[in-house]
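S.K.: Just a sequence and a predicted model for now, questions to come.
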Amino acid sequence: MTPARALSDAVGNVRARFLALAGWRRATALVLLGAVAALALPPFFILPLLIVAFPPLFWAIEASARLRGAFWTGFWFALGHFTAGLYWIAHSMLLDPLRFGWMIPFAVCGLAALLGLFVGAAALASRAWPQPGASRAIVFAVAWVVAEWLRSWVMSGFPWNLIGYSWAAFDPMMQPASVVGAYGVGFVTVLVATMPATLAGPNGRVLPTIVAAIVLVAATGFGFYRLADATTETVPDVRLRIVQPNIEQTLKNDPALRQANFERHLALTLETPGFDAVTHVVWPEAAVPYLIERSPEVAEYLRRAVPPDGLLLTGAVRAEPVDGAVERIYNGLAALDGTGARLATADKFHLVPFGEYVPLRGLFPFIAKLTPGDLDFTPGPGPVTVRLPGLPPFSPLICYEVIFAAGVVDRTDRAGWLLNLTNDGWFGISTGPHQHFAAARFRAVEEGLPMIRAANTGISAIVDGWGRVVERTRLGEQAVLDGELPVALSPTPYARWGNFPVALLFILALGVAWLLPRRPR
C-alpha cells in the first residue's frame, strides 16, 4: 500500500466515524468543532486546529441529502464558533447585571445564531455546487468569505473575528492583505483548512491538498518579499504620548468618580518623565467625561495636557445644540491646542447597536443602551480626513469602526495615518481586546498606513504600515507609551481598489473549481 493510499484510508476512517453520528449527536459535534476553530483566533492562534475542525464540517455538508441539511450543518458549526469567540460580550452586561444581565443569553447566543445564518448560507451554497470533492472545497472557501463580507454590512454590519485574523501572530501571512484584504487571507485560510477533507476514501486524492499548501507557501513567500523592503522610518518632528489609564468600566461609569478619572489622564500625561519631548498627546475614547463646548473651565483644564506648541487628541462626547436642552449627542474625537481651543472634531460614524443606540427603538422600548444616558448617540459623517498643524492628515476611527475593511479612510482624500481611539474596558480581561487589536493591525496592512491606537485599557500601540507592532501596552495595565509616528507607505492595491482584487480572486477560484475534472459522488 502506498503512503498516499494509507493516508486516504486513515482519513476515510475518521470521516466514516464522524458521519456515523446523527441527529443531536452530530449537531453537538459540529458545535464543539466550531468552538475548537475559535482557538485559532486571537489571542490563541492555534492554527492547526482549523485542520481539525473544517474537514468534518465539509464532510457533513457533502453528506447532506438536502440543501436544508447543509444549511443547518453550517449553522451549528457557526453557533459554537461565534459563541466561543464572542463570549466576552457578556462582560459588558455584567457591569450592570440588574439592568442588563437578562440580556446575556440573547446577546451572546443570539448574536452567534444570527451570524450562524451567514455560515449556514455559505454551507448551503457550497452544497448546491454540482461538483463534489476539491471543486466544492474551493467553492466552500469562497462562500465562507463572501458570508464574512455580507455580515460586514447587513443590518449595519458586524465583521468581527474574520477567519483571516488567525494569522495576526505571523507578520508575513498578513501581507497579502495589502492586495486582497483580510477577506483574501481568509479565503486561503479556509481553503488550506478544508482541502484535507478530500483525502478521504477510495476517491481521495493527495494532489488538491498539496496544491492548497503551495498556495499557502506562495502567500507566505509574498509576505516575506514585501517585508524585505520594510523600514523603520518615522515622521520628522512628531513624538506622540499615548495614555492608557486602565480605568475599570464600573469605575468609569460611576458619576462620583468622574473627576478622579479625568485627573488620572492628566496625571499620567504630566507626571510621566519625558513630557517636554512630546509634541502630541493622545487620550482614548471618551477620556473627557464632560461636554467641553458647555464647560469653558474644562477646556481650560485640558490646556495643561497640551505640550508646548503641540496638541491634545482625545476621545470626547459632544452635544448639540451648544446651549439649552441636549437634542443630539456624538461620540468622537476632539483636538485642542495650548489655548484650549478646539481645532477639530470628528464624530463616530459607525455606532454600536445596543451599545450606543437601540435599533428599532419603537419596537423595543424596554431595552436600554449599554452606555450611560437615555439619549441615543447620533452618527456623524465618515470616514473623514482631519488636518491639524504639525501632523500628517489622519483618519480618526472610534472604537469598533476599525473592524470594517475598506471603510476606514476617505477614498477621495487619503490620510497619512490611522488614529484608533477605543475603550476596551467594556470587554474586561478577555479575548475581546486581542481580537479588536488584530483587526486594527489588518487595517494598517490593507491601507499601507501606520496606526496609532489609544485604549482606556489594553491594547494601546504604535503599528506601522506593514502591520508590525512597533510598541504596545499590555491588557489591564496602566501605561504611557511614547514613540514616533511611522511614515505612510505608497497606496497599496487594496487601498486603491478596495475589494475589487478580492472579487477577481474569487472569480478565478470559481473558474478553477468549475474546470476541475468531474468525479463521482
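M.R.: It's in.

S.K.: Name the nearest residue to Gly425, sequence neighbours excluded.
M.R.: Leaving aside its sequence neighbours, Gly425 sits nearest to Gln249 (CB to CB, 6 or more residues apart in numbering; 4.1 Å). Every residue, glycine included, has its C-beta placed from N, CA and C.

S.K.: Please verify my assumption that the one you found contacts Met93.
M.R.: No: if you go by CB atoms under 8 Å, Gln249 and Met93 don't touch, sitting 11.1 Å apart.

S.K.: From Gly428, how far out is the residue nearest to Gly425?
M.R.: The gap separating Gln249 from Gly428 is 8 Å, by CB to CB, to the nearest Å.

S.K.: Please apply the same query to Val52.
M.R.: Look at Val52 and Gly428: by CB to CB, they are 29 Å apart.

S.K.: Quick one: end-to-end length of stretch 427-436, please.
M.R.: Across stretch 427-436, the terminal residues are separated by 10 Å (CA to CA, to the nearest Å).

S.K.: ok, and what's touching that stretch?
M.R.: In this structure, residues lying in contact with stretch 427-436 by CB atoms under 8 Å, 6 or more residues apart in numbering are 41-44, 85, 87-89, 91-92, 160-161, 165, 249, 400, 402-403, 422, 424, 426, 455, 457-459, 475-476.

S.K.: Helices of the stretch 251-400 of the chain, start to end?
M.R.: 258-271, 296-302 (DSSP state H, counting those that start in this stretch).

S.K.: Including mean neighbour count, could the ones you listed go into a markdown table?
M.R.: Output for the helices of the stretch 251-400 of the chain, formatted as a markdown table (neighbours: other CB atoms under 10 Å):
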| stretch | mean neighbour count |
| --- | --- |
| helix 258-271 | 16 |
| helix 296-302 | 16 |
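
S.K.: nearest to Asp171, of the ones you listed?
M.R.: Among the helices of the stretch 251-400 of the chain, the nearest to Asp171 by CB to CB is helix 258-271 (30.2 Å).

S.K.: Just list the residues touching Trp149, thanks.
M.R.: Neighbouring residues of Trp149 by CB under 8 Å, 6+ apart: 159, 183, 499, 502.

S.K.: before we move on, what about Asn456?
M.R.: 244-247, 252, 284-287, 422-425.

S.K.: Who wins on neighbours among the contacts of Trp149?
M.R.: Counting neighbours by other CB atoms under 10 Å, the top entry in those is Tyr183, with 28 neighbours.

S.K.: Tell me if that one really is in a helix.
M.R.: Yes: assessed with DSSP: H, G, I helix; E, B strand; the rest coil, Tyr183 lies in a helix.

S.K.: So that it lines up with my notes, have the first residue be 26 from now on.
M.R.: I'll keep to 26 as the first residue from here, and by that count the last item is Tyr208.

S.K.: residues touching it, list them.
M.R.: Contacts here follow CB under 8 Å, 6+ apart; on that basis Tyr208 touches 170, 173-174, 187, 189, 430, 524, 527.

S.K.: same question, Ala534
M.R.: Applying CB under 8 Å, 6+ apart, the residues near Ala534 are 163, 166-167, 212, 216.
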